[in-house]
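J.: Using only what follows, build the 3D model:
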Amino acid sequence: MVRKKKVTQHSSFPSYVPHVTGYVFEDACMGYELDFGHPESPERLAAIKAKMAETGLDKKVLRLSPLAGVVSHIRKIHSDAHVKSIQGIRTIGPIADLAVGGVLAAVKAVCEGSARNAFCAMRPPGHHSLNTGREEGFCFYNNVAIAARYAQNVCKRAKVLIVDWDFHHGNGTEAAFYEDPTVLYFSTHYALAYPGTGHPDKEGSGAGLGFNINVHLPCGTGDAEITDVFNSVLAPRANAFAPDFVLLSAGFDGRANDKLGCFDITDDGFAALTRIVMDIAHAHCGDRIVSVLEGGYTPEDLAGAVYAHVKTLLEYEPSIEKEC
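T.: Numbering: from 1, shown residues only. Model (predicted):
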């Protein structure tokens, strides 16, 4: 029988955090198409909504409503010119704001302790977004990067870990924190996929040197290969960093049979990755994780992977209690 250690909470955390998973989903995020037949389609969210209802998981999570008035937080990452340009796209601007507001609501809920963790099923995605004034890789604002600054500036979580398991490299997120030692960015991705960035020798610069970790994986990468990387590369670096908050760019385009990917990760594989990241959060920051949807372009398969991910977030129990 394993004897559990007593958990010592950070003094700034609530003394008790219920085993509740927050969930952000807004029908309005299905209200645009980039182009007819485009892979980043409203059907992605429709499939997630149907799967959550079919399995009853939607009744077990805590629904969260997006924050309003988020432009000041967007500007912590994006230039005024970029924000003005995106706001000028009539069909996109308000929904892009809504997606940011959803992610910030999740961060707020998790920081305040009304939820232990949260998943945001929102679109548009964000991890490719730079400051070009236009869409980059289906992205308009970098939701996760904005959330990291919100966690630091508003929630006073000094060190943020961002884990990005999307099939594509999150070049926008890398760029936002490339010289910043307060954010550890970890990405696994396929080297030859869009946008062609994320080489392993890109480790950050200046004060941020060593806080940017890129791992190239080959086509055919499956559960065993990617979990080995998470265990052997992410876990020791993250544990040394000791994050105060964890954000997850949860792209599911690495799932087997995805339209835009060539990995062979299963739903069980995504559940395993989720547990690894949760172990890190449990060890250092009271289980606090906010996960944000990025890619995943075969709707039915995306929905299955999201279900496995959210179910793991909801049901996670550490095998050994650790000091927090």
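J.: rest of the way, CA atoms for contacts and neighbours
T.: Will do.
J.: Could I get the contacting residues of the nearest residue in space to Cys285 that is not next to it in sequence?
T.: Nearest residue to Cys285 in three dimensions, chain neighbours excluded: Asp244, at 5.0 Å (CA to CA, 6 or more residues apart in numbering). By CA atoms under 8 Å, 6 or more residues apart in numbering, the residues touching Asp244 are 157-161, 284-285.
J.: Mind checking which of the residues you listed land in strands?
T.: With strands identified by DSSP state E, the entries of the contacts of Asp244 that belong to them are 160-161.
J.: which phi and psi does Val229 have?
T.: phi -60, psi -40 (degrees, to the nearest 10).
J.: That one - how many residues pack around it?
T.: Each residue near Val229 was counted by other CA atoms under 10 Å, and the total is 15.
J.: what about it, distance to Ile86?
T.: Between Val229 and Ile86 the distance, using CA to CA, to the nearest Å, works out to 36 Å.
J.: what's the answer for Arg149, then?
T.: Computed as CA to CA, the Arg149 to Ile86 distance reads 20 Å.
J.: try Gly196
T.: The separation that Gly196 has from Ile86, given CA to CA, amounts to 24 Å.
J.: Pick out whichever of those two has more residues nearby.
T.: The residue with more neighbours, out of Gly196 and Ile86 and counting by other CA under 10 Å, is Ile86; that gives 21 against 13.
J.: hang on, isn't the more buried one packed against Asn131?
T.: No - contact between Ile86 and Asn131 fails when scored by CA atoms under 8 Å: they sit 10.2 Å apart.
J.: The protein: strands as residue ranges?
T.: Secondary structure of the chain (DSSP E): strands at 21-24, 62-63, 117-120, 160-164, 183-190, 212-217, 245-250, 289-293.
J.: Let's have those strands in TSV, adding mean pLDDT.
T.: Converted to TSV, the strands of the chain look like this (pLDDT from 0 to 100):
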stretch	mean pLDDT
strand 21-24	98
strand 62-63	98
strand 117-120	98
strand 160-164	99
strand 183-190	98
strand 212-217	98
strand 245-250	98
strand 289-293	98
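J.: Looking at those, spot the one closest to Leu234.
T.: Smallest distance to Leu234 across the strands of the chain (CA to CA): 7.0 Å, for strand 183-190.
J.: Give me the contacts around the closest one.
T.: By CA under 8 Å, 6+ apart, the list of residues contacting strand 183-190 from outside reads 148, 159-170, 173-174, 177, 198, 211-219, 234, 238, 241.
J.: Show me how far that strand is from its chain's centre.
T.: Relative to its parent chain, strand 183-190 has a centroid offset of 11 Å by CA atoms, centre = their mean, to the nearest Å.
J.: Walk me through which strands it pairs with, and which way each runs.
T.: When pairs are called by DSSP bridges, strand 183-190 turns out to pair with strand 160-164 (parallel), strand 212-217 (parallel).
J.: and the angle for that strand with strand 245-250?
T.: 20 degrees (axes from the mean of the first three to the mean of the last three CA atoms, to 10 degrees).
J.: tell me the pLDDT at the residue nearest to Cys285?
T.: In the prediction, the pLDDT value recorded for Asp244 is 98.
J.: distance of it from Gly286?
T.: From Asp244 to Gly286 the distance is 9 Å (CA to CA).
J.: Over to Tyr150?
T.: With distances defined as CA to CA, the gap from Tyr150 to Gly286 amounts to 18 Å.
J.: The two: which is more packed in?
T.: Neighbours of Tyr150 and Gly286, each counted by other CA under 10 Å, are more numerous for Gly286; the result is 29 against 20.
J.: Low-confidence ranges, this structure, go.
T.: Along the chain, the parts satisfying pLDDT under 70 run over 1-18, 319-324.
J.: where do the helices sit along this protein?
T.: 42-55, 71-74, 80-87, 93-112, 143-153, 171-177, 223-229, 235-241, 267-284, 299-315 (DSSP state H).
J.: With just CA atoms, put the fifth one into PDB.
T.: Pointing back at helix 143-153 there. This file holds the C-alpha atoms of helix 143-153, laid out as PDB (Å, rounded to 0.1, in the frame of the first residue of the first chain):
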ATOM      1  CA  ASN A 143      -5.300  32.400 -27.400                       C
ATOM      2  CA  VAL A 144      -2.800  30.500 -25.300                       C
ATOM      3  CA  ALA A 145      -0.100  33.200 -25.400                       C
ATOM      4  CA  ILE A 146      -2.700  35.800 -24.300                       C
ATOM      5  CA  ALA A 147      -3.800  33.400 -21.500                       C
ATOM      6  CA  ALA A 148      -0.200  33.000 -20.300                       C
ATOM      7  CA  ARG A 149       0.200  36.800 -19.900                       C
ATOM      8  CA  TYR A 150      -3.300  36.900 -18.200                       C
ATOM      9  CA  ALA A 151      -2.200  34.200 -15.800                       C
ATOM     10  CA  GLN A 152       1.000  36.100 -15.000                       C
ATOM     11  CA  ASN A 153      -0.400  39.700 -14.900                       C
END
